[in-house]
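Trainee: fold the following.
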Amino acid sequence: MNDTFLKACRGEKVDYTPVWIMRQAGRYMKEYQEVRSRVDFLTLCKTPELAAKVTLQPVDILGVDAAILFSDILIAVEAMGMHLEFSDKKGPILGEPARTKAAVDKLVIPDTEDSMPFVLETIKILRRELADKVPLIGFSGAPFTLATYIIEGGSSRNFSHTKRMMYQNPGLFNALLEKITATVIGYLSAQIRAGAQVVQIFDSWAGILAPYDYEKVIFPHVKTAIKALKKLDVPVIYFANDCPGLLEIVKKSGADVIGIDWRVDMAHAVKRLGKKVVIQGNLDPCVLFGTKEYIEERVQEILGKAHTAHGHIFNLGHGILPETPVESAIAMVEAVHKYGRN
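Mentor: Predicted structure coming up:
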């Protein structure tokens, strides 16, 4: 197995900078579209053979150094007791938003083996298929990010319901976060037991908060989850989207790897995060709409600025966009492998 990614996660010396792409199994690939045309999104997530198939596609096509489980962060929310569906126009839609004590009390902390066995079966299939290839990443949404969907009932522009609960009913808000944190710990622990070799926690909406609120209200739950997972002896990646205002806080999370978005200069991020964590990122996904030459130029720029970090894993600053040419993703991976050699 190519274990370069695992070594980088642990801060060990590597021969070259490893690379993978958030949302690397997805709509920008015609091979994925072919599978997706036969089933709806949730069915794809819940059918282990198909989920494994699309997980493997970018490993073979792009030549990335890690596979990431194909699933969705809201699978765990559905297991907590909320109705979930996906709309091509509106995105995820959750049943009745949980905005009252009764609604929060109704949510359960699910047993992953009982409520999400398809996720664990997908991981087991992937470990067999990836045995001589690359490591497998499991993942979950972070407690706050999952809370926004539970409270808003889906995506949101201003997250007014979430912030209203946080400010007007902090006790209820904290109770919800505690329940979600326990769910995240149980979910990722089960993924690790099934074979995930690294886990990433996606805090997609962390950046909507003022640093004060993030540090005082949200961050304790992040640290609780990471501390529990670190006992299972696998690297933990924490990705806080829209992170420039949060880096000094995030570096105290206990995560082995900190993922950063493209809104912060890599050299500044390395300096602010310090010498104890591995950094992941941070090419703007839209750079992949540029020419091959421009992609190579930007890859070299980020690699150069990350060279003083404890370790570096190359990635986009967020998920790859559906309109991205596959050839551009391949060009990025090849450029990282070419220019990221030590």
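Trainee: where along this structure do the strands fall?
Mentor: Listed in chain order, the strands found in the chain under DSSP state E are 67-68, 84-87, 91-94, 136-141, 198-203, 236-240, 257-259, 278-280, 312-313.
Trainee: which of the ones you listed sits closest to Arg298?
Mentor: Between Arg298 and the strands of the chain, the shortest separation by CB to CB is 14.8 Å, and it involves strand 312-313. Every C-beta, even on glycine, is put in place using the N, C-alpha and C of the backbone.
Trainee: who touches that closest one?
Mentor: For strand 312-313, contacts defined as CB atoms under 8 Å, 6 or more residues apart in numbering pick out 5, 8-9, 17-20, 257, 278-280, 303, 306, 340.
Trainee: so what strands line up beside that strand?
Mentor: Sheet pairing for strand 312-313, assigned by DSSP bridges, gives strand 278-280 (parallel).
Trainee: these two touch, right, Val35 and Leu50?
Mentor: Yes. Contact criterion CB atoms under 8 Å: Val35 and Leu50 qualify, at 5.9 Å.
Trainee: so what sits against both of the two?
Mentor: Joint contacts of Val35 and Leu50 (CB under 8 Å, 6+ apart) are Leu44.
Trainee: can you tell me which residues contact the residue nearest to Glu121 when sequence neighbours are not counted?
Mentor: In space, Glu121 comes closest to Pro48 once its chain neighbours are excluded; the distance is 4.1 Å by CB to CB, 6 or more residues apart in numbering. Shown in contact with Pro48 (CB under 8 Å, 6+ apart): Phe118, Glu121, Thr122, Ile125.
Trainee: now those residues: which count as buried?
Mentor: Glu121, Thr122, Ile125 (16 or more other CB atoms under 10 Å).
Trainee: need those residues in a markdown table (columns: pLDDT and distance to Ile68).
Mentor: Supplementary listing: the buried ones among the contacts of Pro48 in a markdown table, determined by pLDDT from 0 to 100; distance: CB to CB, whole Å:
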| residue | pLDDT | distance to Ile68 |
| --- | --- | --- |
| Glu121 | 98 | 17 |
| Thr122 | 98 | 12 |
| Ile125 | 98 | 14 |
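Trainee: can you put the residues you listed in JSON lines and add distance to Gln197?
Mentor: Below are those laid out as JSON lines (distance: CB to CB, whole Å):
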{"residue": "Glu121", "distance to Gln197": "17"}
{"residue": "Thr122", "distance to Gln197": "14"}
{"residue": "Ile125", "distance to Gln197": "15"}
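Trainee: and the residues you listed, which is closest to Glu297?
Mentor: Proximity of the buried ones among the contacts of Pro48 to Glu297 (CB to CB) peaks at Thr122, which lies at 37.5 Å.
Trainee: okay but that closest one is in contact with Ser71, surely?
Mentor: Yes. Taking contacts as CB under 8 Å, Thr122 lies within contact range of Ser71: 7.4 Å.
Trainee: between the two, which contacts overlap?
Mentor: Ala51.
Trainee: let me know the outermost residue of the chain.
Mentor: Distance from the centre of the chain peaks at Ala102, with 30.4 Å (CA atoms, centre = their mean).
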